[in-house]
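**Student:** no sequence for this one, just the structure:
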């Protein structure tokens, strides 16, 4: 990483090194081409130049790009910080609401017990059980992990005593699940955009060969599974299937999970993803995928798929 030393200007500094002639030549070419010295200087400031050692001196264009990238990093970092702060705040609200609800239920039960008076004998055992549950619940809340992830994990199998606290916790879970879905969608979209033509062609050939194996099996022929894995086994690394049945079972689970995830997306997200697939994939690949989906449907009916417990419309 280069280091820089700053000092007051005294006329002896050479900011452009010894090769001033090359710098002037560059300016001269621009002046001759356009007849405007100011324009030539602005152009040099904008695009930058190279010093006598071949080191690139960034212009305003590169500086703007660096500032834009740095700004994006800052926005993403503070956005994540904001999400974590919001998560912690909502989690604390859930816990506080539950604690208040526990105290309220016990206090209400005690008041009712006092109002009954001498006829309260049959209510003392339920009261004892309520107080015991309240004590156990309070102790569990007091011993929740400090990390939000740990606290949420513990609360997922906690039996809430206060309905409002339970509702708030379910809303918090739905928000987290929606954020996970959004992150998955963005990752899937980026993967599709980053695939090269060679990768798409290899994928099409793999799906075509897989369809051929399924057709061979349906016709009572012996599919060439070994040849398929020799050509396309890298798609399944590091855990390669050892038989066609294992491959089909794995693909069936993955396709059902993918369909469940698609069903959980909002119509806008689903439409955007489908449009991206159509735009980025060869029509031949889409046809092969449709054929594969049809044949897999015969083996693994879609009624086995399940929708994820969150909906994209909640975004």
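**Tutor:** Ah, there it is. The structure displayed is predicted, hence computed values, not measured ones.
**Student:** Tell me how many other residues crowd residue 160.
**Tutor:** 19 (other C-beta atoms under 10 Å). From N, CA and C alone the C-beta is placed, and that goes for glycine too.
**Student:** How confident was the prediction at it?
**Tutor:** Residue 160 is assigned a predicted lDDT (pLDDT) of 95.
**Student:** Could you do residue 145 as well?
**Tutor:** Looking at residue 145, its pLDDT stands at 90.
**Student:** For stretch 133-141, buried residues please.
**Tutor:** Buried residues in stretch 133-141, defined by neighbour count with 16 or more other C-beta atoms under 10 Å: 134, 137-138, 141.
**Student:** would a markdown table of the residues you listed with pLDDT be doable?
**Tutor:** A markdown table is the format used below for the buried residues of stretch 133-141 (pLDDT from 0 to 100):
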| residue | pLDDT |
| --- | --- |
| 134 | 94 |
| 137 | 94 |
| 138 | 94 |
| 141 | 94 |
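**Student:** Doesn't residue 269 belong to a strand?
**Tutor:** No: under DSSP: H, G, I helix; E, B strand; the rest coil, residue 269 sits outside any strand and is assigned helix.
**Student:** From here on, call the first residue 53.
**Tutor:** Sounds good: first residue 53 from here, last item residue 321.
**Student:** Could you pull out the strands in the stretch 203-352 of the chain for me?
**Tutor:** Remark: no strands are assigned in the stretch 203-352 of the chain by DSSP state E, counting those that start in this stretch.
**Student:** Might you list the low-confidence residue ranges for it?
**Tutor:** 232-241, 244, 312-313, 316-318, 328, 331-333 (pLDDT under 70).
**Student:** before we move on, the earlier item: of the buried residues of stretch 185-193, closest to residue 325?
**Tutor:** residue 193 (40.6 Å; C-beta to C-beta).
**Student:** Could you name the helices and strands sitting against the one helix or strand the closest one maps to?
**Tutor:** Here residue 193, judged by DSSP states H and E, is contained in helix 176-194. Contact here means 3 or more C-beta pairs under 8 Å, 6 or more residues apart in numbering; DSSP states H and E; on that basis helix 176-194 packs against helix 112-168.
**Student:** what about 10 Å?
**Tutor:** helix 112-168, helix 200-207 (3 or more C-beta pairs under 10 Å, 6 or more residues apart in numbering; DSSP states H and E).
**Student:** For those helices, give me JSON lines that also has mean neighbour count and distance to residue 256.
**Tutor:** Formatted as JSON lines, the helices and strands packed on helix 176-194 follow (neighbours: other C-beta atoms under 10 Å; distance: least, C-beta to C-beta, whole Å):
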{"stretch": "helix 112-168", "mean neighbour count": "13", "distance to residue 256": "35"}
{"stretch": "helix 200-207", "mean neighbour count": "15", "distance to residue 256": "40"}
